[in-house]
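Novice: Quick one: sequence and predicted model below, then my questions.
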Amino acid sequence: MARRHILRSARLTALAAATVASIALLGACSTDSTDNSPEADAVTVSVQWVKAVEGDSPGGGMTAAFAKIANGSDRDVRIVSASSGVSEQVQLHEVVDSGGTTTMKEKDGGFVVPSNGSLTMTPGGEHFMFMGVQRPIRAGQQVAITVRFADGSTTRVDALARDFDGNQENYSPDHSGEHR
Amino acid sequence: MTGRKPARISRRTLLTGGAGLAGLGVGAVAVGVGHELSGPDSAESAGQQTLPFFGEHQSGIATPMQAHAAFLGIDLLDPADHVTLQGFLRMWSQDAANLVQGKPGFSDTEQELGTAPSRLSVAAGLGPRVFTSPTLAPRRPSWLAPLPAFAIDRLDERWGQTDLVVAVASDDPMTLAHAVRVVVAPIRRRCRLRWTQQGFHHDRNLFGQVDGTVQPADDRYDDLVWDDGSDQQWMAGGTSLVLRRIAMNMDTWEAIDRPGRELSLGRTLDNGAPLTGTAEHDEPNFSATRGGIPVIPAESHIARAHQRTDREQFVRRPYSYDLAPEPGESSNSGLIFATYQRDPVAQFVPVQQRLSDHDALNEWTTPIGSAVYAMLPGASRDGYLGETLFGSE
Ligand SMILES: [Cu+2]
């Protein structure tokens, strides 16, 4: 009963969020999905957007994308990677507090979307990190992101670019440096 | 398909609400209608009253007037870039659909400011320059062009025509300010915000006159206001906005005593009744005379503005503005006069021409801004504003 309710809410939220018919997901929420159905089928993506960027910095610009990802199934699903045609790579980032300053870094093991729950990716929190953006991504432009799950299934998310100045945490893979 | 039962807006609800426009106890009517719109299971407080975003028409046009409004005049960096335009309209649809329900916009960083929608509406329209691209040129509504020059105009480009307009309105000024920020912030580097016109609504303007009395009859909106798609198919369900900014000279108006004020308007100041009647909505009798002299002077505002043909009707949504005076001045007041009609050339222009030719009020009022927009049809449930313009390419 509870599950049915949440599934329904997730779907309704996505619709209400309105999206412009831009969430190309594979078969949102059938209520009797079994454990061997693709992970991509369990999720509903909403409130997706990408930070506009000029992309003219040496070696390519960096930017980030955000979304709410709801999991309507009875098991956790795991996002293991993402990719996009507008950048050389897309990393899965988290923001951690490292003694007074916040730093972003790749999240070990990817993003887990809890069963009958959701993951909300926001500036200052988890996000898709676009590295090596060679051409500007400007407000109003649509960016396609392919999200890959642990079982190899994928979902495509179309996100509109928005002018936005947040999510400027330091970045520390090996070397640290601020990026925007 | 929202979490709760969709608000059921009958045409009748909207139109009954339309009476509020006429200045009849606006507050009371607005509360009643807003409550009805938000459905039986919604919160009771005024802040939780909602207007729909999705629907045949955009909210904020036939809706009983909200207390506060901001009109945003926006230029595209490249008016022929209709891909960016489409992106803007999609983003505004995403954000507005959430905001009108008290939910945050997509990239909203002050989400706590948006929790009391207070009948928030966000309506978008397109100016003539948008239709200069080869793709969109054939889709320009025939009437979408600057109004003819009127002799009374002292137009300042500062308040002139822009490529886009977003009309944001709410009963709560904080909600309004937040919604305006959500509209502008995500596109700010890809557009030029030319002007913002902020106003407040009351059943009177700053001259103390009861305003917005004359409105189309409830059963004439489909005919007089909403586009039927016969000119441009994509516009079905849309309308036009004429946005005039009218400066009002408070000092010279002060010099006119009460009888002179009433004669120049043709209505009493007390309750807005025509000088031939006793109540606001009494039909004025322009042929009535007293001692051989017309009771309502022929050059009075209402005698000149009164419709002479059936088509000369439109929705009037007047918002007052009252800004900080320029140095050396004692006031900076006026009216943001928004009218909505299917065809401004056929419906609005003849009336404005008569007022320009002669209107006793012209002595104290000066049009300083003018713009015309094609207000988009409402967005369908899974669609976005302007979808019909781009959709059938
Ligand atoms: Cu990052």
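Specialist: Nice, thanks for sending it over.
Novice: quick one: buried residues of stretch B:160-174?
Specialist: Neighbour counts using 16 or more other Cβ atoms under 10 Å in any protein chain shown place B:160-172 of stretch B:160-174 among the buried residues. For glycine as for every other residue, the C-beta is placed from the backbone atoms N, C-alpha and C.
Novice: Closest one of those to the ion?
Specialist: Of all the buried residues of stretch B:160-174, residue B:166 has the smallest distance to the ion: 31.8 Å, by Cβ to the ion.
Novice: Check what pLDDT residue A:74 gets.
Specialist: Turning to residue A:74, the model gives it a pLDDT of 96.
Novice: on that earlier part again, for chain A, state which of the buried residues of stretch B:160-174 is nearest.
Specialist: Sorting these by how near they are to chain A, with Cβ to the nearest Cβ, puts residue B:164 at the top with 11.9 Å.
Novice: Helix or strand: which one has residue B:259?
Specialist: Under the criterion of DSSP states H and E, residue B:259 resides in helix B:258-265.
Novice: residues contacting residue B:380?
Specialist: The neighbourhood of residue B:380, defined by Cβ atoms under 8 Å, 6 or more residues apart in numbering or on different chains, consists of B:54, B:387.
Novice: Let me know the secondary structure of the closest residue in space to residue A:162 that isn't next to it in sequence.
Specialist: Excluding the flanking residues, the one nearest residue A:162 by Cβ to Cβ, 6 or more residues apart in numbering or on different chains is residue B:186, at 3.6 Å. Here residue B:186 is recorded as helix under DSSP: H, G, I helix; E, B strand; the rest coil.
Novice: Test my guess that residue B:186 contacts residue A:139.
Specialist: Yes: Residue B:186 is within contact range of residue A:139, at 6.1 Å (criterion: Cβ atoms under 8 Å).
Novice: Touching both of those two, which residues are there?
Specialist: The contact sets of residue B:186 and residue A:139 overlap at A:162-163, B:91 (Cβ under 8 Å, 6+ apart).
Novice: and of the residues you listed, the nearest to the ion?
Specialist: residue A:162 (16.5 Å).
Novice: Tell me, how many residues neighbour the closest one?
Specialist: Residue A:162: 28 surrounding residues under other Cβ atoms under 10 Å in any protein chain shown.
Novice: Contacts only, for it.
Specialist: Residues near residue A:162 by Cβ under 8 Å, 6+ apart: A:49-52, A:139, B:91, B:106-107, B:185-187.
Novice: Quickly note the distance from the residue nearest to residue A:162 to the ion.
Specialist: Remark: distance between residue B:186 and the ion (Cβ to the ion, to the nearest Å) = 20 Å.
Novice: which ones are touching the residue nearest the centre of chain B?
Specialist: The centroid of chain B falls nearest to residue B:338 when counting by Cα atoms, centre = their mean (3.8 Å). Listed by Cβ under 8 Å, 6+ apart, the contact set of residue B:338 reads B:71, B:167, B:241-244, B:316-319.
Novice: which element is it on?
Specialist: Per DSSP H and E, residue B:338 falls inside strand B:333-341.
Novice: now that strand, how far from the centre of its chain.
Specialist: On the basis of Cα atoms, centre = their mean, to the nearest Å, strand B:333-341 sits 6 Å off its chain's mean C-alpha point.
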